[in-house]
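Colleague: Kindly generate the corresponding structure for this input.
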Amino acid sequence: MNSEGLILMFLLGVALVGLAVIFSSIVPHKTKNKQKSEPYESGVPTIGKTWIQFNVGYYLFAIIFLVFAVEAVFLFPWAVVMRGMVEDGLGMIAFAEVVIFCIILGLGLLYAWKKQALKWE
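Modeller: Numbers count the residues shown, from 1 in each chain. Coordinates of the predicted model:
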């Protein structure tokens, strides 16, 4: 893409965001009442203190799960097209790249294991 196209895309993005902001400030809300402006909590009134602190381990566990979900997303298409790569002579190169990819992710898992990020308490 040339620089004129890039500038045009940037200006188009800025214009669309600007139009959305202007449109949302012009169009009023249909009803204004106290209940509608409260945060939605599944319709059940809260009991007691609503601001509680969660264990950071839950977030670490979720991030590690996402890393391995992304790994699966990358490995599945690679496995599907591997037969074509072998026929084209790229099989060993592609295999080496995936092995390096898995080693890096395995080192990340080992690090998380050593830091006890996988303990569910």
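Colleague: Now do Ala91: how many residues are near it, please.
Modeller: Quick fix: residue 91 reads Gly, not Ala. When neighbours are counted by other Cβ atoms under 10 Å, Gly91 registers 14. To be clear about C-beta, it is placed using only N, CA and C from the backbone, and glycine gets the same treatment.
Colleague: can you check Val67 too?
Modeller: So Val67, with other Cβ under 10 Å, has 13 neighbours.
Colleague: That one: helix or strand, and which one exactly?
Modeller: helix 56-88 (DSSP states H and E).
Colleague: Tell me the helices and strands packed up against the lowest-mean-pLDDT helix or strand in the chain.
Modeller: None of the helices or strands of the chain scores lower by mean pLDDT, DSSP states H and E than helix 56-88, at a mean of 79. Under the contact criterion of 3 or more Cβ pairs under 8 Å, 6 or more residues apart in numbering; DSSP states H and E, helix 56-88 touches helix 91-114.
Colleague: Give me the angle between the helix it packs on and helix 56-88.
Modeller: Comparing the axes of helix 91-114 and helix 56-88 via axes from the mean of the first three to the mean of the last three Cα atoms, to 10 degrees yields an angle of 170 degrees.
Colleague: if we can go back for a sec, list the buried residues for the least confident helix or strand of the chain?
Modeller: Neighbour counts over helix 56-88 (16 or more other Cβ atoms under 10 Å) mark Leu60, Phe61, Ile64, Glu71 as buried.
Colleague: Show the contacting residues for the third one.
Modeller: Taking Cβ atoms under 8 Å, 6 or more residues apart in numbering, we find Ile64 in contact with Leu109, Ala112, Ala117, Leu118.
Colleague: Mind picking the one among those residues that's closest to Pro28?
Modeller: Nearest to Pro28 among those is Ala117, at 47.9 Å by Cβ to Cβ.
Colleague: distance of the closest one from Phe74?
Modeller: Ala117 sits 22 Å away from Phe74, taking Cβ to Cβ, to the nearest Å as the criterion.
Colleague: ditto for Lys49
Modeller: 42 Å.
Colleague: most distant residue from the middle of the protein?
Modeller: Asn33 (35.1 Å; Cα atoms, centre = their mean).
Colleague: Could you dump the buried residues of helix 56-88 into a markdown table with distance to Glu4 added?
Modeller: Converted to a markdown table, the buried residues of helix 56-88 look like this (distance: Cβ to Cβ, whole Å):
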| residue | distance to Glu4 |
| --- | --- |
| Leu60 | 45 |
| Phe61 | 47 |
| Ile64 | 44 |
| Glu71 | 39 |
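Colleague: Thanks again, I'm all set now.
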